[in-house]
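**Student:** got a predicted structure plus its sequence, pasted below:
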Amino acid sequence: MFVLQRRLRLCICTSIACAFFLANTPGARADFYWGDYISAGDPINLVFDGNGSWTNSYDYVLAYLGWYDRGGSAQQFPDHSASPWENQDGQAGSDCEICSRYHVRYNQGNDGGGASWGTWTMAPAHYDQVVWCGHKSSTYDGARNTIHNAFVNNGYTVGFIYRGNNQAARQCDGSYTAGDGSYVWIDI
């Protein structure tokens, strides 16, 4: 009986600690700049250009991969206007919010750059793996490459551009995940 009570207390304390940790974890941020800005959150590893509004980017990912908005945490993106950060425009996932899944968030650019910058969207793609503390991004490059391959297979012009955005991000379980420092440019 004593062993059962001890295990129950341990389980309750662990649950309370996890709930406290998740409630006090700030939302992700994508630190990205066209120069040499390095990520402190999910790295930007996709840029949709040409007719690259966030809605077009979302629609093409939906058409080629079947990912749609299934919920997820919010993320902020750098902005080239007076406000340094803005909220994401949208997101899509390959499975439910509490499942292991591919996940991408979208933020349309051209905020302060004017018409000469055109319409483009930056996006951090990653694979969310369910772990004891919620979920962690187990790969950035794998998710990016999944989207890259879908666009290549549908005849789009794509390319890898190295920007050094490879700082490892600490995950909720204490592990670290880093990308290879490149983003994929997709001309839609």
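**Tutor:** Nice, thanks for sending it over. Numbering: from 1, shown residues only.

**Student:** neighbours of the closest residue in space to Met122 that isn't next to it in sequence, how many?
**Tutor:** Distances taken as Cβ to Cβ, 6 or more residues apart in numbering place Ile44 nearest to Met122, at 4.7 Å, with adjacent residues excluded. Backbone N, C-alpha and C define where each C-beta goes, glycine included. Residues near Ile44, counting by other Cβ atoms under 10 Å, number 26.

**Student:** can you check the one 3 residues further on too?
**Tutor:** Counted with other Cβ under 10 Å, the neighbours of Val47 add up to 21.

**Student:** same thing with Gly159?
**Tutor:** By the measure other Cβ under 10 Å, the count of residues near Gly159 is 11.

**Student:** contacting residues around the closest residue to Cys96 other than its chain neighbours?
**Tutor:** Using Cβ to Cβ, 6+ apart and skipping the chain neighbours, the partner closest in space to Cys96 is Arg70 (5.6 Å). Counting by Cβ atoms under 8 Å, 6 or more residues apart in numbering, Arg70 makes contact with Ala92, Gly93, Asp95, Cys96, Glu97, Arg101.

**Student:** rerun at 10 Å
**Tutor:** If you count contacts by Cβ atoms under 10 Å, 6 or more residues apart in numbering, Arg70 has them with Gln91, Ala92, Gly93, Ser94, Asp95, Cys96, Glu97, Ile98, Cys99, Arg101, His103.

**Student:** before we move on, back to that, the residue nearest to Met122 contacts Phe77, doesn't it?
**Tutor:** Yes: the pair Ile44 / Phe77 is scored as a contact, 8.1 Å apart, by Cβ atoms under 10 Å.

**Student:** which is the next helix or strand following the helix or strand hosting Arg144?
**Tutor:** Per DSSP states H and E: Arg144 is located in helix 141-152. Note on helix 141-152: by DSSP H and E, the next helix or strand toward the C-terminus is strand 157-165.

**Student:** that following strand to helix 141-152, inter-axis angle?
**Tutor:** Interaxial angle, strand 157-165 versus helix 141-152 (axes from the mean of the first three to the mean of the last three Cα atoms, to 10 degrees): 160 degrees.

**Student:** residues of strand 157-165 that come out buried?
**Tutor:** Buried residues in strand 157-165, counting neighbours by 16 or more other Cβ atoms under 10 Å, are found at Val158, Arg163, Asn165.
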